[in-house]
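**Student:** Need a 3D model of the following:
(one chain, ligands or ions: 2)
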Amino acid sequence: MKSNNATGIELPRPVPAPLPGVGQKPGGRPLSLGLRIARFLAVARMVIVIYAGYKSLQLWGKLSGRGSRKNFYQAQDRRAARRVRDTAVRQEGLLIKACQFAGSRGDILPPEIVEILSELHDRVPPRDFTVIKPWLESQLGRSVEECFETLEPLPVAAASLAQVHRGTLRSGETVAVKIQYPDIDRIIAADLANIGFFIRLLARIERSFDFRVLLEELHRYLPLELDFVNEAANARRFAENFADDDRVVFPTPIPELSCRTVLTMNYIEGIKISRVEQLQDAGINKHEVAELLVDTYLRQILSHGFFHGDPHPGNLLVQPGPVLVILDLGLAKEFTPESRDGLVELTAAIIGRDAASIGRAFRKLGFETRDRNDDTFHTLAELFLGQALADGRAYADLAMIERISDELLRALRANPIVKASSELLLVLRVMGLLSGIGKQLDSQVDPLQAMMPFIFSVEQHDAAG
Ligand SMILES: Nc1ncnc2c1ncn2[C@@H]1O[C@H](COP(=O)(O)OP(=O)(O)O)[C@@H](O)[C@H]1O
Ligand SMILES: [Mg+2]
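**Tutor:** Numbers count the residues shown, from 1 in each chain. Ligands and ions are numbered 1, 2, ... in the order given. Okay, here's the model as predicted:
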């Protein structure tokens, strides 16, 4: 059932040269300090209120002598999650992205929090069509009536960067028109500046928490996510890589109706991957979906060397088959053959509990510790990856995180990682997201077994080369 992609791989058609001022942000306004401060204050307020909430529960427990009551904490979790969600909806930008990540982690976060935050995967309150329509026309340089036969004024979904309207073309084809929020790049720029300030401050105060690598990554990838010409190119590349596999589908961009801020593509039906009951009602086996999901991402990382970095449930749909639909391809990255070999070596070294090889593999992957010895790598490998592999399960859980977090923090403090491979950071993000979905689907996948065919093919390839 690859009907949505039946034309196969489209040869890239040239994106029409934008008219002067078209596809550009209004006047390229400079980043205002006021906006930065306002956003900072809103987040600070949120943090303080939530912190005070937990503290007062703790205090009350002590004073009343009743200790901590689970249901009180659950109620506070819900209140906190609602407050974070509401602040994110008001502020937009990176806070929504952070909530999307947290809302995907059903493996390590309580269900009440996940339920509330996962609304932000695709149900952010949209902008009004009276604002969106003129903006769309200014970006495409033509009137909506010229471009589309119909365009629904109510969006089908709205998320972190854009809202998506369904429409039809004169040819009768149903399309999804992804329209970037008009001021989103200013908002993202303000958030990046604020986060940068904190990360640099933290790195100065507490030298073992240096997240500047992450900051560099955000600076590199967010502008690409805001460029839908890049997303369209990624979509074509993924479709090409999966051309021989009709279990995986990507949207096909329509370049004539796209630009940096608008992406028109074929409309694809499907059930959001985390709606387990709906999947069941449609006769779709969730265990098969979990297998397909893991296989699809392992293939991207270990076989194609080009992978999607944002598999949260809002970006994954399922059709009967099961067929996996992957949307929102702005965040994608190369995984070089060297990194792939490093990852395969690391896996083998962890399984074999071979300390020397573990260090070598981490270094090959581009990691460095402050003291240049491998202690931290060993702890990391044993605690985190070793446990996950030994458990033979495709997802983490709270008990596992609790078990390893103290020891891991101690190791990181004693000898922090000062350099990390940016590819691996994104792979870790993907693993985290897949772990969350794996839990929701009650995945039966053994990650090691799933990796085996790919490890084997790398070794064969090496032997041949
Ligand atoms: N081609 C499509 N067909 C059907 N629905 C789509 C399509 N593209 C996007 N959507 C819907 O719109 C939502 C937001 O689109 P997405 O590309 O994820 O934007 P964002 O970058 O803002 O997250 C998706 O979660 C999905 O529900
Ligand atoms: Mg999305």
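**Student:** residue ranges with poor pLDDT in the chain?
**Tutor:** Residue ranges of the chain with pLDDT under 70: 1-31, 65-68, 207-210, 383-394, 456-465.
**Student:** residues touching the spatially most central residue of it, list them.
**Tutor:** What sits nearest the mean C-alpha location of the chain, by CA atoms, centre = their mean, is residue 310, with 2.8 Å. Listed by CB atoms under 8 Å, 6 or more residues apart in numbering, the contact set of residue 310 reads 328, 330, 331, 433. The C-beta positions use only the backbone N, C-alpha and C, and glycine is treated the same way.
**Student:** Okay, and it sits in which element?
**Tutor:** Remark: residue 310 resides in no helix or strand, with elements defined by DSSP states H and E.
**Student:** now it: how far from ligand 2?
**Tutor:** To ligand 2, residue 310 is 7 Å away according to CB to the ion, to the nearest Å.
**Student:** how about that residue, phi and psi?
**Tutor:** phi -130, psi 50 (degrees, to the nearest 10).
**Student:** Same check on residue 332?
**Tutor:** phi -150, psi 150.
**Student:** Does stretch 186-195 reach ligand 1?
**Tutor:** No: in terms of CB under 6 Å from any ligand atom, no part of stretch 186-195 sits within range of ligand 1; the closest distance is 11.7 Å.
**Student:** How about residues contacting that stretch?
**Tutor:** Taking CB under 8 Å, 6+ apart as the rule, stretch 186-195 contacts 25, 29, 31-32, 35-36, 39-40, 43, 91-95, 181, 215, 218-219, 222, 226.
**Student:** chain center to that stretch: distance?
**Tutor:** 18 Å (CA atoms, centre = their mean, to the nearest Å).
**Student:** Quick one: buried ones out of the contacts of stretch 186-195?
**Tutor:** In those, burial by neighbour count holds for 25, 35-36, 39-40, 43, 91-95, 181, 215, 218, 222, 226, counting by 16 or more other CB atoms under 10 Å.
**Student:** Tell me which of those residues fall in strands.
**Tutor:** Judged by DSSP state E, strands contain none of those.
**Student:** Closest one of the residues you listed to residue 343?
**Tutor:** Nearest to residue 343, judged by CB to CB, of the buried ones among the contacts of stretch 186-195 is residue 218 at 22.9 Å.
**Student:** residues in contact with the closest one?
**Tutor:** 192, 195.
**Student:** likewise the one 5 residues further on?
**Tutor:** Not one residue lies near residue 223 by CB under 8 Å, 6+ apart.
**Student:** where exactly do the helices run in the stretch 1-150 of the chain?
**Tutor:** Remark: helices assigned in the stretch 1-150 of the chain by DSSP state H, counting those that start in this stretch are 33-64, 70-91, 94-102, 111-117, 129-140, 144-147.
**Student:** so which of the ones you listed gets nearest residue 171?
**Tutor:** The closest of the helices of the stretch 1-150 of the chain to residue 171 is helix 144-147. By CB to CB, the value is 12.5 Å.
**Student:** Would you mark the buried spots in that closest one?
**Tutor:** Buried-residue list, helix 144-147, by 16+ other CB under 10 Å: 144, 147.
**Student:** likewise stretch 214-234?
**Tutor:** Buried, per 16+ other CB under 10 Å, within stretch 214-234: 215, 217-218, 221-222, 225-234.
**Student:** same thing with stretch 44-54?
**Tutor:** Buried, per 16+ other CB under 10 Å, within stretch 44-54: 46, 50, 53.
**Student:** Would you confirm that the second one contacts residue 83?
**Tutor:** Yes: between residue 50 and residue 83 there is a contact under CB atoms under 8 Å: 6.0 Å.
**Student:** Get me the contact residues on this structure for ligand 1.
**Tutor:** 122, 156-157, 159-162, 164, 176, 178, 251, 265, 267-268, 314-315, 327-328.
**Student:** Name only those of these that count as buried.
**Tutor:** Buried among those by 16+ other CB under 10 Å: 122, 157, 159-162, 164, 176, 178, 251, 265, 267-268, 314-315, 327-328.
**Student:** elements contacting the helix or strand containing residue 376?
**Tutor:** Using DSSP H and E, residue 376 sits within helix 375-380. In this structure, helix 375-380 packs against helix 355-364, strand 368-369, helix 398-414, with contacts taken as 3 or more CB pairs under 8 Å, 6 or more residues apart in numbering; DSSP states H and E.
**Student:** Noted, bye for now.
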